[in-house]
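**Student:** here's a sequence, model it:
(2 chains)
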Amino acid sequence: MSSSGTTLNEKVLPIVMKFVGLKGVVALKDGILFTLPLTLVGSVFLLLAQLPYQPLNDWLNVTLGAGWTDPLFKANGATFNMIALVATIGIAYTYAKNEGHEPLSAGIISFVVFILTTSSSVTTKSGETVGDVIPTAWCGGKGMVTAIIIGLIVGAVYSWFMANKITIKMPDGVPQGVVNSFAALIPAAVIVLGATIVYMIFKWGLQTTFIEWIYKVLQTPLQGMTDSLGGVLVMGFLIPFLWWFGVHGATIVSGVMSGILQSNTLDNAAIVTSGKELTVANGAHIVTQQFLDQFMTVTGSGMTIGLVVCMLFFAKSAQCKQLGKLAIVPGIFNINEPITFGTPIVMNPFMAIPFIITPMISGTILYFAILTGIVPPFGGVMVPWTTPAPISGLLTGGVRTAILQLLVLVMSFFVYLPFFKRQDSINLKNELAAQHGDNIQA
Amino acid sequence: MVIIRLFCAAGMSTSLLVNKMKEAAKNKGIDVDIEAFPESQMDKNIEGVDVALLGPQVGYTLNKAKKICEPKGIPVDVIPMVDYGMMNGQKVLDFALKLAGK
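**Tutor:** The predicted model follows:
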């Protein structure tokens, strides 16, 4: 390892890891994972309701009647429109669990606080106000940032009470379940009281609710910032940059950003379900969860498939030959640890160049392709991140998206090619120098 | 029986390496018990272990790991990056056995 690499490893990495290891960041990225099954399952129902082949949809409408999709949209709504509720429970749960306290109580309190700070009435299109409801509009994408804030605060406050033993204590011999339910009483009372005061301040002071205020002052600007070329370039840079230190960049960036990216996706899903055409002119977001998964980390962070193909067909060194065979299958399923560590790319200043610029180029191409209408914006359909391209592009965006996906993968090949050639000859030289291959320079 | 524990970030590709190491041990006729855990759970999964290995992606935690392992007399080191990337079970197994002094 070079001395510059060592310095980076000792100076920069601890700062990065300090952020990554913050209790709140861990709870956020692990807690939000609970929404993943919902968005994926909900996507299947949305996909069935709106098959990517219009003549088939038309035929089904005629054959089954126009209302046949209603149950599908119901299933889609019950999953997509609940993700903020699930996120707020999941984040508080994870926070308390990581601190070593009974976690479900924290999740439940967080759920209650979310409902408390949300309006309990909705206004219909005709202007009539209906009370005694939980508005699903706020329980989905629009409530994501509030869900994160509430989940983190409740998790932290609950854990503080537990750690300082400010709980109702039971005599010995009382069953553990009973002890747990009483233990949560004091933190629950204090947190709910606090949330009620917040509700009062926003209702009487600002004539709004906490969730609507956060949406306006925090979530909308965050969504806007993410949904820009700048946002694309920052994410495109950060993921491989962190990986270059050997740190799992995709987990970290996606974990922190997925609340916002999913909100963008769900905004687009709402445009689709409202029956309007999904275009940028109709307010569709360009940068969504699928933008990141299907065009910036496809075949693994750094979009290393190009490098794998180089190794498969053009490698001269034994190391690259073997690595190509080893990495192609995981690579197709978007896993690339063998490549990042085996080439190696990690801590290798030379390979950092294609590793970082490839996703940035891909993101820029896609951004302008959507902006100019060459490919449509992504709708509500999401696929697991391990789905291979171009199937993932076909399902999330359609035929044109799939074709563009193939094109950026070809682009990845040409960006990596010159860098591969030099790395391969270095590896070959090392192999010739070390007769048994035991001294390959890491 | 040599007990080897691998510690990494999440365990996605390390489990692949574990299988390759078991294969290598079988070929050599060595009795081993190998499992992978997240690095954050090291303190809970370290009792009675002969040797602990860190994945290169968590190599920066070596000092922390040494604090846990050294009082118990358990050798610990980072798996060489290229051996990890190449999923070289044979080499990583030898590396572990050498560390364990077996």
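
**Student:** got the residues of chain B near chain A?
**Tutor:** B:9-10, B:12-13, B:56-57, B:59-60, B:80-82, B:84-87 (C-beta under 8 Å from any C-beta of the partner chain). (Glycine included, C-beta is placed from N, CA and C.)

**Student:** so what's whichever residue of chain B sits closest to chain A up against?
**Tutor:** Residue nearest to chain A within chain B: B:Gly85 (2.5 Å; C-beta to the nearest C-beta). The contact partners of B:Gly85, by C-beta atoms under 8 Å, 6 or more residues apart in numbering or on different chains, come to A:323, A:337-344, B:56.

**Student:** pick out the most distant pair among these.
**Tutor:** Using C-beta to C-beta, the two most remote members of the contacts of B:Gly85 are A:Leu323 and B:Pro56, lying 15.0 Å apart.

**Student:** which one of those two has more residues nearby?
**Tutor:** A:Leu323 (27 against 23; other C-beta atoms under 10 Å in any protein chain shown).

**Student:** and that one, how far from chain B?
**Tutor:** Separation of A:Leu323 from chain B (C-beta to the nearest C-beta, to the nearest Å) stands at 6 Å.

**Student:** so that residue is in which element?
**Tutor:** Assessed by DSSP states H and E, A:Leu323 sits inside helix A:318-332.

**Student:** from the chain's centre, how far out does that helix sit?
**Tutor:** 27 Å (C-alpha atoms, centre = their mean, to the nearest Å).

**Student:** show the subsequent helix or strand relative to it.
**Tutor:** Along the chain past helix A:318-332, the next helix or strand (assigned with DSSP H and E) turns out to be helix A:337-342.

**Student:** who are the packing partners of that next one?
**Tutor:** Applying 3 or more C-beta pairs under 8 Å, 6 or more residues apart in numbering or on different chains; DSSP states H and E, one finds that helix A:337-342 contacts helix A:318-332, helix B:81-85.

**Student:** so which of these is nearest A:Met162?
**Tutor:** Closest to A:Met162 of the helices and strands packed on helix A:337-342, according to C-beta to C-beta: helix B:81-85, at 38.8 Å.

**Student:** beyond that closest one, next helix or strand please.
**Tutor:** Past helix B:81-85, the next helix or strand by DSSP H and E is helix B:89-100.

**Student:** A:Ser159: which of the helices and strands packed on helix A:337-342 is closest?
**Tutor:** With C-beta to C-beta as the criterion, A:Ser159 lies closest to helix B:81-85 of those, at 35.4 Å.

**Student:** center of chain A - which residue?
**Tutor:** Residue closest to the average C-alpha location in chain A (C-alpha atoms, centre = their mean): A:Ser258, at 3.1 Å.

**Student:** run a quick neighbour tally on A:Arg94.
**Tutor:** Heads up, residue A:94 is Thr, not Arg. 26.

**Student:** and B:Arg5, that one's in a strand?
**Tutor:** Yes: B:Arg5 forms part of a strand when assessed by DSSP: H, G, I helix; E, B strand; the rest coil.

**Student:** list the buried residues in the helix holding A:Leu323.
**Tutor:** Neighbour-count burial for helix A:318-332, counted by 16 or more other C-beta atoms under 10 Å in any protein chain shown, picks out A:319-324, A:326-328, A:330-331.

**Student:** over to stretch A:205-224?
**Tutor:** Using 16+ other C-beta under 10 Å as the burial criterion, the residues of stretch A:205-224 that qualify are A:209-215, A:219, A:222-223.

**Student:** same question, stretch A:350-365
**Tutor:** Under the neighbour-count criterion of 16+ other C-beta under 10 Å, stretch A:350-365 has A:351-352, A:354-356, A:358-363, A:365 buried.

**Student:** nearest to chain B, of the residues you listed?
**Tutor:** Nearest to chain B among the buried residues of stretch A:350-365 is A:Met351, at 12.2 Å by C-beta to the nearest C-beta.

**Student:** now the strands for chain A?
**Tutor:** Along chain A, the segments classed as strands by DSSP state E run A:122-123, A:129-130.

**Student:** for the residue in the stretch 301-442 of chain A that chain B sits nearest to, give me its contacts.
**Tutor:** Evaluated by C-beta to the nearest C-beta, the stretch 301-442 of chain A has A:Gly342 as its residue closest to chain B, separated by 2.5 Å. Contact partners of A:Gly342, counting by C-beta under 8 Å, 6+ apart, are A:319, A:323, A:326-327, B:82, B:84-87.

**Student:** give me phi/psi at B:Ile34?
**Tutor:** Dihedral pair for B:Ile34: phi -120, psi 130, per degrees, to the nearest 10.

**Student:** compute the number of surrounding residues for it.
**Tutor:** Using other C-beta under 10 Å, B:Ile34 has 21 other residues around it.

**Student:** that one bridge partners, please.
**Tutor:** Going by DSSP bridges, B:Ile34 is paired in beta bridges with B:Ile4.

**Student:** so it touches B:Lys22, yeah?
**Tutor:** Yes: assessed by C-beta atoms under 8 Å, B:Ile34 is found in contact with B:Lys22 at 5.8 Å.

**Student:** the lengthiest helix in chain B: how far from the chain's middle?
**Tutor:** The residue-count maximum for a helix in chain B (DSSP state H) belongs to helix B:14-28. Relative to its chain's centre, helix B:14-28 lies at 11 Å (C-alpha atoms, centre = their mean).

**Student:** what's the answer for stretch A:118-136, then?
**Tutor:** Distance of stretch A:118-136 from the chain centroid (C-alpha atoms, centre = their mean) equals 30 Å.

**Student:** what separates the first and last residues of it, distance-wise?
**Tutor:** End-to-end distance of stretch A:118-136 (C-alpha to C-alpha, to the nearest Å): 10 Å.

**Student:** tell me which residues in stretch B:17-28 are buried?
**Tutor:** B:17-18, B:20-22, B:24-25.

**Student:** JSON lines please, covering the residues you listed and showing pLDDT.
**Tutor:** As requested, those are arranged in JSON lines below (pLDDT from 0 to 100):
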{"residue": "B:Leu17", "pLDDT": "87"}
{"residue": "B:Val18", "pLDDT": "91"}
{"residue": "B:Lys20", "pLDDT": "89"}
{"residue": "B:Met21", "pLDDT": "92"}
{"residue": "B:Lys22", "pLDDT": "93"}
{"residue": "B:Ala24", "pLDDT": "92"}
{"residue": "B:Ala25", "pLDDT": "92"}
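
**Student:** dump those into a markdown table; add distance to A:Phe161 as well.
**Tutor:** Shown next, in a markdown table, are the buried residues of stretch B:17-28 (distance: C-beta to C-beta, whole Å):
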| residue | distance to A:Phe161 |
| --- | --- |
| B:Leu17 | 42 |
| B:Val18 | 40 |
| B:Lys20 | 47 |
| B:Met21 | 45 |
| B:Lys22 | 46 |
| B:Ala24 | 51 |
| B:Ala25 | 49 |
